[in-house]
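Trainee: generate a structure from the sequence data that follows.
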Amino acid sequence: MSAAGLREGERIMLTDAKDRQYLITLKVGSSFHTHTGIILHDDLIGSQEGTVVRDSTDRTFLMLRPTLSDVVLKMPRGAQVIYPKDLGTILMQADVGPGMRVLEAGVGSGALSMTLLRAGASITAYEIREDFAAQARKNVVAMLGEDVDYDIHIRDVTLGIDEEDLDRVILDMPEPWLVVEHAAKALRPGGIFLAYLPTINQTQQVREALRIHSFGLEETVEILRRTWHIDGRSVRPDHRMVAHTGFLTSARRLVRR
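Mentor: Take a look at the predicted model:
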């Protein structure tokens, strides 16, 4: 991203004095309304990010381009998104990098898709709901633009995977154990399977399926995120934290002799 001023069509994040955040898209002639005042988009276009701006009642806002984490938490959604703390772990646990061919199933609102795409992966996505697929594509394009390697199919991944020699299969769906056998056939040797699940009972079932088929080095993790309050000599954990959101289970596709 260059140091050029903000342009029409860009997303920005406005943060007020109480750390409340607002994600907006700049448009000539438009305005942003709060419960206390109004900010004209025309006054923001051309400004530098990192600027403190004021509304019509002199209330201040910090203006920045949003991070991917900001967008994931604030973007329009049709389904619950995977939290940023888990998205970062998925990139490392599944070892996703540029040029990798990834099959993603259960795209939801597109948070995982945009994270994988920004890491440089090529994604084929399966989604059974057309409304989720449409919202996911809209969110991905709003964040990354049209020029992304993102191919969504309206289909049920439990019925099979057409692609071959995939590098990764990453699932965010209720019954990933029904996909394990298909993934074993679709993944190249050494490829990685990863499933995101909210409950330990579901996780146990997918682990049992992985043991039956051609997988090894299974691992399940849970990521907890706690921030800290630091103000002079006042140092303590914050009263709230993002604790359990889901279990991440990964395994490697092996060659059985």
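Trainee: do you have the helices of the stretch 101-250 of the chain handy? List them.
Mentor: 111-118, 130-144, 180-186, 200-212 (DSSP state H, counting those that start in this stretch).
Trainee: now do the longest one against helix 111-118, angle only.
Mentor: Yep, that's helix 130-144 we're talking about. Following axes from the mean of the first three to the mean of the last three C-alpha atoms, to 10 degrees, one obtains 40 degrees for the angle between helix 130-144 and helix 111-118.
Trainee: buried residues, helix 130-144. List them.
Mentor: Within helix 130-144, the residues that qualify as buried are 132, 133, 135, 136, 137, 139, 140, 142, 143, 144, counting by 16 or more other C-beta atoms under 10 Å. All C-beta spots, glycine's among them, are computed from the backbone N, C-alpha and C.
Trainee: OK, contacts around residue 109?
Mentor: 75, 76, 77, 78, 79, 80, 81, 132, 135, 136, 139 (C-beta atoms under 8 Å, 6 or more residues apart in numbering).
Trainee: wait, residue 214 sits on residue 193?
Mentor: No: counting by C-beta atoms under 8 Å, residue 214 sits too far from residue 193 to count as a contact (10.1 Å).
Trainee: need the overlap of contacts for the two.
Mentor: residue 253.
Trainee: pick out whichever of those two has more residues nearby.
Mentor: The neighbour count for residue 214 versus residue 193, taken as other C-beta atoms under 10 Å, is higher for residue 193 (29 against 18).
Trainee: how many other residues sit next to residue 121?
Mentor: 25.
Trainee: I meant to write residue 18 there.
Mentor: For residue 18, the neighbour count with other C-beta under 10 Å is 5.
Trainee: now do the SS call for it.
Mentor: Using DSSP: H, G, I helix; E, B strand; the rest coil as the criterion, the local structure at residue 18 reads coil.
Trainee: now, among the contacts of residue 109, which is nearest to residue 125?
Mentor: residue 136 (7.5 Å; C-beta to C-beta).
Trainee: ok, so what distance separates the nearest residue to that closest one once chain neighbours are set aside from residue 79?
Mentor: Nearest-residue entry for residue 136: residue 110, 3.3 Å, with adjacent residues in sequence omitted and distances by C-beta to C-beta, 6 or more residues apart in numbering. Counting by C-beta to C-beta, to the nearest Å, the separation of residue 110 from residue 79 is 9 Å.
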